[in-house]
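Asks: Next input, structure requested:
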Amino acid sequence: MRFQIIFAVWLSALLGTSLAAWSPAIGQEPSGASNPSAEKFLLRYKMLEGTILGSQVTHLAKTDTKIDKSEQSSQSRTVSQKVWEVTSVDPQGHMTFVYRIDQVDMSQQVGDAPEIHYTSTQSEPPPRIYEKVAETIGKPIATVTIDARGQVVDRDKKSAAPSLGMGDIAVVFPEQPIGEGESWDVPREIKIRTEDGGTKTIKIRERYTLEKARSGIATIAIESQPLTPIQLPQEEAQIVQQLSRGTLKFDIDAGRVVSKELSWDESIVGFSGPGSQMEYSARLEETWKDPIRTAQGSEGTTTK
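Replies: Okay, here's the model as predicted:
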(Lines give C-alpha, C1' and ligand atoms only; values in the text may rest on other atoms or scores of the structure.)
Protein backbone atom coordinates (compact mmCIF):
# COMPACT_ATOMS: atom_id res chain seq x y z
CA MET A 1 0.00 0.00 0.00
CA ARG A 2 2.78 2.40 0.84
CA PHE A 3 4.33 1.86 -2.58
CA GLN A 4 0.96 2.57 -4.21
CA ILE A 5 0.68 5.84 -2.30
CA ILE A 6 4.23 6.82 -3.23
CA PHE A 7 3.62 6.12 -6.90
CA ALA A 8 0.26 7.91 -6.81
CA VAL A 9 2.01 11.04 -5.56
CA TRP A 10 4.62 10.71 -8.31
CA LEU A 11 1.99 10.16 -11.01
CA SER A 12 -0.12 13.05 -9.74
CA ALA A 13 2.86 15.36 -10.11
CA LEU A 14 3.36 14.14 -13.68
CA LEU A 15 -0.24 14.48 -14.82
CA GLY A 16 -1.88 17.07 -12.61
CA THR A 17 0.30 20.18 -12.77
CA SER A 18 -1.71 23.19 -13.90
CA LEU A 19 -0.30 25.76 -16.27
CA ALA A 20 -1.40 28.29 -13.68
CA ALA A 21 0.34 26.49 -10.83
CA TRP A 22 3.67 27.91 -11.93
CA SER A 23 4.09 31.51 -10.82
CA PRO A 24 6.81 33.24 -12.83
CA ALA A 25 7.53 36.79 -11.73
CA ILE A 26 9.55 39.57 -13.28
CA GLY A 27 13.13 38.48 -13.79
CA GLN A 28 15.72 40.23 -11.68
CA GLU A 29 18.49 42.27 -13.17
CA PRO A 30 21.47 40.32 -14.51
CA SER A 31 24.09 39.40 -11.93
CA GLY A 32 27.46 37.70 -11.94
CA ALA A 33 30.72 38.51 -13.70
CA SER A 34 30.39 41.46 -16.04
CA ASN A 35 32.76 42.91 -18.61
CA PRO A 36 31.64 46.43 -19.68
CA SER A 37 33.39 46.04 -23.05
CA ALA A 38 31.85 42.66 -23.80
CA GLU A 39 28.94 42.37 -26.21
CA LYS A 40 25.47 42.40 -24.71
CA PHE A 41 22.46 40.54 -26.09
CA LEU A 42 18.81 41.53 -25.79
CA LEU A 43 16.76 38.34 -25.41
CA ARG A 44 13.21 38.80 -26.68
CA TYR A 45 10.43 36.64 -28.11
CA LYS A 46 9.34 37.55 -31.63
CA MET A 47 6.16 35.93 -32.93
CA LEU A 48 4.13 36.80 -36.03
CA GLU A 49 0.36 36.60 -36.13
CA GLY A 50 -0.79 33.43 -37.88
CA THR A 51 2.36 31.50 -36.99
CA ILE A 52 2.22 27.97 -35.59
CA LEU A 53 5.13 26.93 -33.39
CA GLY A 54 5.48 23.26 -32.55
CA SER A 55 7.85 21.12 -30.54
CA GLN A 56 8.42 17.50 -29.62
CA VAL A 57 8.99 16.78 -25.95
CA THR A 58 10.51 13.49 -24.78
CA HIS A 59 10.42 12.85 -21.03
CA LEU A 60 11.93 9.70 -19.49
CA ALA A 61 11.80 9.06 -15.74
CA LYS A 62 12.69 6.27 -13.32
CA THR A 63 11.98 6.05 -9.60
CA ASP A 64 13.49 3.40 -7.32
CA THR A 65 12.09 3.17 -3.80
CA LYS A 66 13.15 1.14 -0.77
CA ILE A 67 11.15 0.85 2.43
CA ASP A 68 12.69 -1.43 5.05
CA LYS A 69 13.44 -4.62 3.07
CA SER A 70 10.99 -3.99 0.26
CA GLU A 71 12.17 -2.50 -3.02
CA GLN A 72 10.25 -1.36 -6.05
CA SER A 73 11.00 0.41 -9.32
CA SER A 74 8.74 2.45 -11.58
CA GLN A 75 9.49 4.06 -14.91
CA SER A 76 7.66 6.20 -17.42
CA ARG A 77 8.08 7.50 -20.95
CA THR A 78 6.21 10.39 -22.56
CA VAL A 79 6.57 11.74 -26.09
CA SER A 80 4.28 14.68 -26.84
CA GLN A 81 3.69 17.15 -29.65
CA LYS A 82 3.16 20.65 -28.22
CA VAL A 83 1.77 23.57 -30.25
CA TRP A 84 1.58 27.35 -29.86
CA GLU A 85 -0.78 28.92 -32.43
CA VAL A 86 -0.27 32.70 -32.50
CA THR A 87 -3.64 34.42 -32.93
CA SER A 88 -2.62 38.06 -32.53
CA VAL A 89 0.24 40.47 -31.83
CA ASP A 90 -0.72 43.94 -30.58
CA PRO A 91 1.21 47.22 -31.12
CA GLN A 92 2.88 46.81 -27.70
CA GLY A 93 4.34 43.51 -28.81
CA HIS A 94 2.04 41.38 -26.65
CA MET A 95 1.70 37.99 -28.32
CA THR A 96 -1.45 35.93 -27.81
CA PHE A 97 -1.41 32.25 -28.64
CA VAL A 98 -3.50 29.15 -28.10
CA TYR A 99 -1.58 26.41 -26.33
CA ARG A 100 -2.45 22.76 -26.95
CA ILE A 101 -1.02 19.25 -27.14
CA ASP A 102 -1.78 17.55 -30.47
CA GLN A 103 -0.38 14.08 -29.84
CA VAL A 104 0.99 12.05 -26.99
CA ASP A 105 2.49 8.60 -26.53
CA MET A 106 2.80 7.55 -22.87
CA SER A 107 3.74 4.45 -20.95
CA GLN A 108 4.51 3.51 -17.37
CA GLN A 109 5.42 0.38 -15.50
CA VAL A 110 5.51 -0.33 -11.76
CA GLY A 111 7.60 -3.25 -10.55
CA ASP A 112 6.79 -6.48 -12.35
CA ALA A 113 3.27 -5.36 -13.31
CA PRO A 114 2.44 -5.18 -17.02
CA GLU A 115 3.32 -1.95 -18.76
CA ILE A 116 0.43 0.49 -19.21
CA HIS A 117 0.54 2.26 -22.55
CA TYR A 118 -1.52 4.96 -24.19
CA THR A 119 -1.19 6.78 -27.50
CA SER A 120 -3.58 9.48 -28.62
CA THR A 121 -3.82 7.90 -32.07
CA GLN A 122 -5.42 4.71 -30.74
CA SER A 123 -9.16 4.07 -31.15
CA GLU A 124 -9.57 2.16 -27.89
CA PRO A 125 -10.51 4.02 -24.67
CA PRO A 126 -7.45 5.17 -22.72
CA PRO A 127 -6.35 3.43 -19.52
CA ARG A 128 -7.90 5.03 -16.45
CA ILE A 129 -4.71 6.77 -15.31
CA TYR A 130 -4.45 8.52 -18.69
CA GLU A 131 -8.08 9.61 -19.01
CA LYS A 132 -7.37 13.22 -18.01
CA VAL A 133 -4.57 13.43 -20.55
CA ALA A 134 -6.78 11.99 -23.29
CA GLU A 135 -9.45 14.63 -22.62
CA THR A 136 -7.01 17.44 -23.45
CA ILE A 137 -5.49 16.15 -26.70
CA GLY A 138 -6.09 18.47 -29.64
CA LYS A 139 -8.11 20.90 -27.52
CA PRO A 140 -7.05 24.38 -26.37
CA ILE A 141 -5.54 24.07 -22.92
CA ALA A 142 -5.32 27.82 -22.50
CA THR A 143 -5.12 31.05 -24.46
CA VAL A 144 -2.11 32.94 -23.16
CA THR A 145 -0.70 36.41 -23.79
CA ILE A 146 2.96 37.09 -23.11
CA ASP A 147 5.10 40.15 -23.65
CA ALA A 148 8.39 40.13 -25.52
CA ARG A 149 10.26 39.20 -22.33
CA GLY A 150 8.10 36.13 -21.81
CA GLN A 151 6.07 37.47 -18.89
CA VAL A 152 2.48 36.22 -18.82
CA VAL A 153 0.23 39.26 -19.34
CA ASP A 154 -3.08 37.38 -19.46
CA ARG A 155 -4.57 33.93 -19.79
CA ASP A 156 -8.17 33.00 -20.40
CA LYS A 157 -8.51 30.28 -17.80
CA LYS A 158 -6.68 28.46 -15.05
CA SER A 159 -7.37 24.98 -16.31
CA ALA A 160 -5.75 21.85 -14.98
CA ALA A 161 -3.49 20.67 -17.77
CA PRO A 162 -1.29 17.59 -17.90
CA SER A 163 2.36 18.22 -17.19
CA LEU A 164 4.09 16.44 -20.04
CA GLY A 165 7.46 17.88 -19.22
CA MET A 166 8.77 20.35 -16.70
CA GLY A 167 8.81 24.06 -17.34
CA ASP A 168 6.43 26.94 -17.69
CA ILE A 169 4.88 28.49 -20.79
CA ALA A 170 7.94 30.68 -21.48
CA VAL A 171 11.23 31.68 -19.92
CA VAL A 172 11.14 35.23 -18.51
CA PHE A 173 14.12 37.13 -19.89
CA PRO A 174 15.86 40.05 -18.12
CA GLU A 175 14.82 43.63 -18.88
CA GLN A 176 18.31 44.73 -19.89
CA PRO A 177 20.73 43.21 -22.44
CA ILE A 178 22.93 40.53 -20.92
CA GLY A 179 26.50 39.42 -21.56
CA GLU A 180 28.16 36.05 -21.52
CA GLY A 181 28.70 34.77 -17.97
CA GLU A 182 25.90 36.90 -16.51
CA SER A 183 22.85 35.47 -14.74
CA TRP A 184 19.29 36.48 -13.92
CA ASP A 185 16.72 34.97 -11.55
CA VAL A 186 13.01 34.22 -11.93
CA PRO A 187 11.13 33.32 -8.72
CA ARG A 188 8.22 30.89 -8.61
CA GLU A 189 6.23 29.01 -6.01
CA ILE A 190 4.93 25.47 -5.65
CA LYS A 191 2.69 23.95 -3.00
CA ILE A 192 3.27 20.65 -1.21
CA ARG A 193 1.31 18.60 1.28
CA THR A 194 2.33 18.53 4.94
CA GLU A 195 2.11 15.59 7.34
CA ASP A 196 -0.95 17.07 9.05
CA GLY A 197 -2.87 17.25 5.76
CA GLY A 198 -2.30 20.94 5.13
CA THR A 199 -0.28 22.68 2.43
CA LYS A 200 3.04 24.50 2.44
CA THR A 201 4.35 27.02 -0.07
CA ILE A 202 7.88 26.44 -1.31
CA LYS A 203 9.67 29.38 -2.90
CA ILE A 204 12.06 28.49 -5.71
CA ARG A 205 14.47 30.56 -7.73
CA GLU A 206 15.16 29.64 -11.34
CA ARG A 207 18.65 30.87 -12.16
CA TYR A 208 19.51 31.39 -15.82
CA THR A 209 23.07 32.03 -17.01
CA LEU A 210 24.04 33.08 -20.54
CA GLU A 211 26.92 30.71 -21.13
CA LYS A 212 27.66 31.80 -24.68
CA ALA A 213 26.17 33.38 -27.79
CA ARG A 214 27.51 32.06 -31.08
CA SER A 215 26.12 32.42 -34.61
CA GLY A 216 22.96 34.02 -33.26
CA ILE A 217 22.19 31.18 -30.83
CA ALA A 218 22.25 31.88 -27.09
CA THR A 219 23.11 28.90 -24.88
CA ILE A 220 21.55 29.39 -21.46
CA ALA A 221 22.19 27.24 -18.38
CA ILE A 222 19.20 26.56 -16.11
CA GLU A 223 19.30 25.62 -12.42
CA SER A 224 16.49 25.49 -9.85
CA GLN A 225 17.41 26.69 -6.36
CA PRO A 226 15.00 26.26 -3.40
CA LEU A 227 14.75 29.34 -1.18
CA THR A 228 12.40 27.90 1.43
CA PRO A 229 14.22 25.57 3.86
CA ILE A 230 13.31 21.94 3.21
CA GLN A 231 13.30 20.35 6.65
CA LEU A 232 11.79 16.91 6.06
CA PRO A 233 12.61 14.17 3.54
CA GLN A 234 8.85 13.86 2.88
CA GLU A 235 8.88 17.48 1.65
CA GLU A 236 11.97 16.96 -0.47
CA ALA A 237 10.35 13.95 -2.16
CA GLN A 238 7.44 16.15 -3.31
CA ILE A 239 9.56 18.84 -4.94
CA VAL A 240 12.33 16.73 -6.46
CA GLN A 241 10.63 16.64 -9.87
CA GLN A 242 10.21 20.44 -9.83
CA LEU A 243 13.93 21.10 -9.41
CA SER A 244 15.93 20.77 -12.58
CA ARG A 245 19.15 21.74 -14.27
CA GLY A 246 19.94 21.86 -17.92
CA THR A 247 20.42 23.95 -21.03
CA LEU A 248 18.21 26.09 -23.23
CA LYS A 249 19.13 27.24 -26.74
CA PHE A 250 17.47 30.44 -27.98
CA ASP A 251 17.60 31.92 -31.50
CA ILE A 252 18.27 35.60 -30.77
CA ASP A 253 17.37 36.90 -34.25
CA ALA A 254 14.24 34.76 -34.72
CA GLY A 255 13.17 35.31 -31.12
CA ARG A 256 12.23 31.72 -30.32
CA VAL A 257 13.45 28.69 -28.41
CA VAL A 258 15.36 26.11 -30.46
CA SER A 259 15.80 23.35 -27.90
CA LYS A 260 15.80 22.53 -24.21
CA GLU A 261 17.45 19.74 -22.22
CA LEU A 262 16.82 19.13 -18.51
CA SER A 263 17.97 16.43 -16.13
CA TRP A 264 17.21 15.14 -12.63
CA ASP A 265 19.36 12.82 -10.50
CA GLU A 266 18.34 12.83 -6.85
CA SER A 267 18.50 10.48 -3.87
CA ILE A 268 16.35 11.03 -0.77
CA VAL A 269 16.88 9.07 2.46
CA GLY A 270 14.08 8.77 5.04
CA PHE A 271 11.21 9.95 2.84
CA SER A 272 8.91 7.30 4.38
CA GLY A 273 10.59 6.38 7.64
CA PRO A 274 14.17 5.66 8.78
CA GLY A 275 14.64 2.62 6.51
CA SER A 276 13.39 4.25 3.33
CA GLN A 277 15.18 5.68 0.31
CA MET A 278 14.08 7.05 -3.03
CA GLU A 279 16.20 7.58 -6.12
CA TYR A 280 14.77 9.66 -8.93
CA SER A 281 16.37 10.13 -12.34
CA ALA A 282 14.86 11.72 -15.42
CA ARG A 283 15.72 13.36 -18.71
CA LEU A 284 13.72 15.80 -20.80
CA GLU A 285 14.50 16.88 -24.35
CA GLU A 286 12.44 19.41 -26.27
CA THR A 287 13.16 20.26 -29.90
CA TRP A 288 11.27 23.03 -31.70
CA LYS A 289 10.32 22.75 -35.35
CA ASP A 290 10.53 25.53 -37.92
CA PRO A 291 7.51 27.88 -37.64
CA ILE A 292 4.62 27.47 -40.09
CA ARG A 293 2.54 30.37 -41.41
CA THR A 294 -1.19 29.74 -41.66
CA ALA A 295 -3.68 31.29 -44.09
CA GLN A 296 -3.31 34.53 -42.13
CA GLY A 297 0.20 34.68 -43.54
CA SER A 298 1.59 32.49 -46.30
CA GLU A 299 0.38 28.94 -45.85
CA GLY A 300 3.03 26.27 -45.96
CA THR A 301 5.99 28.67 -45.76
CA THR A 302 8.39 29.00 -42.90
CA THR A 303 9.71 32.06 -41.19
CA LYS A 304 13.23 32.42 -39.90
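
Asks: can you list contacts of the strand or helix carrying residue 263?
Replies: Residue 263 belongs to strand 256-269 when assigned by DSSP states H and E. Under the criterion CB atoms under 8 Å, 6 or more residues apart in numbering, residues 45-47, 53, 55, 61, 166-167, 171, 217, 222, 233, 236-237, 240-241, 243-251, 276-288, 291 lie in contact with strand 256-269. Glycine gets a C-beta too; all of them are placed from N, C-alpha and C.

Asks: Can you show me the helices along this protein?
Replies: Using DSSP state H, the helices of the chain run over residues 2-15, 131-136, 233-239.

Asks: Quick check: mean pLDDT of the last one?
Replies: For helix 233-239, the mean per-residue pLDDT is 88.

Asks: quick one: residue 145 and residue 98 touch, right?
Replies: No - with contacts counted by CB atoms under 8 Å, residue 145 stays clear of residue 98, the gap being 10.8 Å.

Asks: what sits in contact with each of these two?
Replies: By CB under 8 Å, 6+ apart, residue 145 and residue 98 have no common neighbours.

Asks: coming back round to it: can you say which of the contacts of strand 256-269 are buried?
Replies: With neighbours counted using 16 or more other CB atoms under 10 Å, the contacts of strand 256-269 contain these buried positions: 45-47, 53, 55, 61, 166-167, 171, 222, 233, 236-237, 240-241, 243-244, 246, 248, 250-251, 276-280, 282, 284-286, 288, 291.

Asks: returning to that earlier point: the contacts of strand 256-269 in strands, which ones?
Replies: Among the contacts of strand 256-269, the residues falling in strands (DSSP state E) are 53, 55, 61, 217, 222, 245-251, 276-288.

Asks: where does the protein dip in pLDDT?
Replies: When residues are selected by pLDDT under 70, those of the chain lie in 1-37, 157-168, 294-304.

Asks: For it, give the strand that spans the most residues.
Replies: From DSSP E, the single longest strand across the chain is strand 70-89.

Asks: List the strands paired with that one, with their directions.
Replies: Sheet pairing of strand 70-89 (DSSP bridges) gives strand 51-67 (antiparallel), strand 95-110 (antiparallel).

Asks: Turn those into a markdown table, including distance to residue 176.
Replies: Formatted as a markdown table, the entries for those read as follows, by distance: least, CB to CB, whole Å:
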| stretch | distance to residue 176 |
| --- | --- |
| strand 51-67 | 26 |
| strand 95-110 | 21 |
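
Asks: right, so of the ones you listed, which gets closest to residue 229?
Replies: Across these, residue 229 has its closest neighbour in strand 51-67 (24.3 Å, CB to CB).

Asks: List the buried residues in that closest one.
Replies: 51-55, 57-59, 61-63, 65-67.

Asks: Save the residues you listed as JSON lines, and put in distance to residue 112 too.
Replies: As requested, the buried residues of strand 51-67 are arranged in JSON lines below (distance: CB to CB, whole Å):
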{"residue": "51", "distance to residue 112": "47"}
{"residue": "52", "distance to residue 112": "43"}
{"residue": "53", "distance to residue 112": "41"}
{"residue": "54", "distance to residue 112": "37"}
{"residue": "55", "distance to residue 112": "35"}
{"residue": "57", "distance to residue 112": "29"}
{"residue": "58", "distance to residue 112": "25"}
{"residue": "59", "distance to residue 112": "23"}
{"residue": "61", "distance to residue 112": "18"}
{"residue": "62", "distance to residue 112": "15"}
{"residue": "63", "distance to residue 112": "15"}
{"residue": "65", "distance to residue 112": "14"}
{"residue": "66", "distance to residue 112": "16"}
{"residue": "67", "distance to residue 112": "17"}
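
Asks: just curious, which of those is nearest to residue 41?
Replies: residue 53 (21.1 Å).

Asks: so what's that closest one up against?
Replies: 47, 83-86, 97, 256, 288-289, 291.

Asks: Can you tell me which of the residues you listed comes closest to residue 116?
Replies: Looking at the contacts of residue 53 and their distance to residue 116, the nearest is residue 83, at 25.6 Å (CB to CB).

Asks: follow-up on the earlier one: Throw the contacts of residue 53 into TSV and include distance to residue 227, thanks.
Replies: What follows is those, written out as TSV (distance: CB to CB, whole Å):
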residue	distance to residue 227
47	32
83	33
84	30
85	35
86	34
97	31
256	30
288	30
289	36
291	36
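
Asks: Can you flag the buried ones in the residues you listed?
Replies: Here, 16+ other CB under 10 Å leaves 47, 83-86, 97, 256, 288, 291 buried among the contacts of residue 53.
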